[in-house]
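Participant: With the sequence up front, the predicted model follows.
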Amino acid sequence: MATSRAERQKGSVAIGPIEYQMRFRDLIERAADRGETKEARPATIGPYLTVSREAGSRGAEVAEKVGARLGWAVLDKELVNGLSDELKLEPRLLQLMDETRSDWFSETLLNLFNSRLVLQHSYVSLVGKVVALAASEGKVVIVGRGANLILPPEGGLRIRVIAPREFRVAMTARVEGIDERSAAKRIDEVDDNRREFVRRHFRCDATESTHYDLVVNTGAFGIDGAVDVIAHAIELKGLTVS
């Protein structure tokens, strides 16, 4: 039986895979059907956690582990896959728009591979609606997508995961099975694309620390240490119920 929001907020009740899939599908459908005047903005937002990350910092892994510890749903790759179903597009095509530059090349590819052309600003608008609805449900970890710039700060904790460049290069080389020169090029491209995504759609710098409540260095704390720091910060901000 699915747990209600009130029941979930009594403690860290883990959300099962089937319940989460149903809940996320409902969010996608509600966001797609929701017009600007059809539904007022939710009165309450959160608790939520947003995770922005440098390439190679293991930020996505940190998000997964925080979610597992707290029993919160984690919204990461599922967001792209769910929207691809709603928009009738291949996930790999949406990934061209997700946190990357919108240019003639990606838009031409979309036009060639699918008769339905979805420009990046339309995608970002739908992402924003899904993010807001997910946060209104509460107890969710949202990775990337400018979520920290969409949601009101009082309802959650906005973090950025960073690490020294050498750490990120070595980690990317190991995980992707490439040499360090290629890994360095890879993290630079990803970081540049993410910064451009935020600059284009939110008119700000993704690396600016004032956009976050907490910046955590996985090179200094490690993955598990970063999870401990974030979990404690969530508690200090009063976003969990003992």
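Facilitator: Arrived safely, thanks for sending.

Participant: Flag every buried residue along the helix or strand hosting residue 229.
Facilitator: Residue 229 is part of helix 218-236 when elements are defined by DSSP states H and E. Within helix 218-236, the residues scored as buried using 16 or more other C-beta atoms under 10 Å are 218-219, 221, 223, 226-231, 233-234. Quick note: C-beta positions are derived from backbone N, CA and C, even for glycine.

Participant: Could you name the helices and strands sitting against it?
Facilitator: helix 59-70, strand 156-162, strand 214-217 (3 or more C-beta pairs under 8 Å, 6 or more residues apart in numbering; DSSP states H and E).

Participant: one step back: which one of the buried residues of helix 218-236 is nearest residue 51?
Facilitator: Nearest to residue 51 among these: residue 230, at 8.5 Å, using C-beta to C-beta.

Participant: How about the closest one: what's its closest non-neighbour residue?
Facilitator: In space, and not counting its chain neighbours, residue 230 is closest to residue 66: 5.3 Å by C-beta to C-beta, 6 or more residues apart in numbering.

Participant: so that neighbour touches residue 143, yeah?
Facilitator: No - between residue 66 and residue 143 there is no contact under C-beta atoms under 8 Å: 10.4 Å.

Participant: what touches both of those two?
Facilitator: Shared contacts of residue 66 and residue 143, defined by C-beta atoms under 8 Å, 6 or more residues apart in numbering, comprise residue 51.

Participant: Quick check: buried residues in the biggest helix by length in the chain?
Facilitator: Longest helix in the chain, counting residues (DSSP state H): helix 180-202. Buried residues in helix 180-202, counting neighbours by 16+ other C-beta under 10 Å, are found at 183-184, 186-187, 190-191, 194, 196-198, 201.

Participant: cool, and stretch 166-175?
Facilitator: 167-173.

Participant: For the helix or strand that residue 126 is a member of, give the mean pLDDT please.
Facilitator: Using DSSP H and E, residue 126 sits within helix 120-137. Average pLDDT, helix 120-137: 73.

Participant: That one versus helix 180-202: what angle between them?
Facilitator: 80 degrees (axes from the mean of the first three to the mean of the last three C-alpha atoms, to 10 degrees).

Participant: which neighbours does the next helix or strand after helix 120-137 have in its sheet, and in what orientation?
Facilitator: Next helix or strand after helix 120-137 toward the C-terminus (DSSP H and E): strand 140-143. For strand 140-143, the pairing partners within the sheet under DSSP bridges are strand 48-53 (parallel), strand 73-75 (parallel).

Participant: got a list of contacts for whatever helix or strand comes next after strand 140-143?
Facilitator: As assigned by DSSP H and E, the chain's next helix or strand after strand 140-143 is helix 147-150. Outside helix 147-150, the residues that touch it by C-beta under 8 Å, 6+ apart are 48, 50, 52, 128, 131-132, 135, 158, 198, 202, 204, 211-212.
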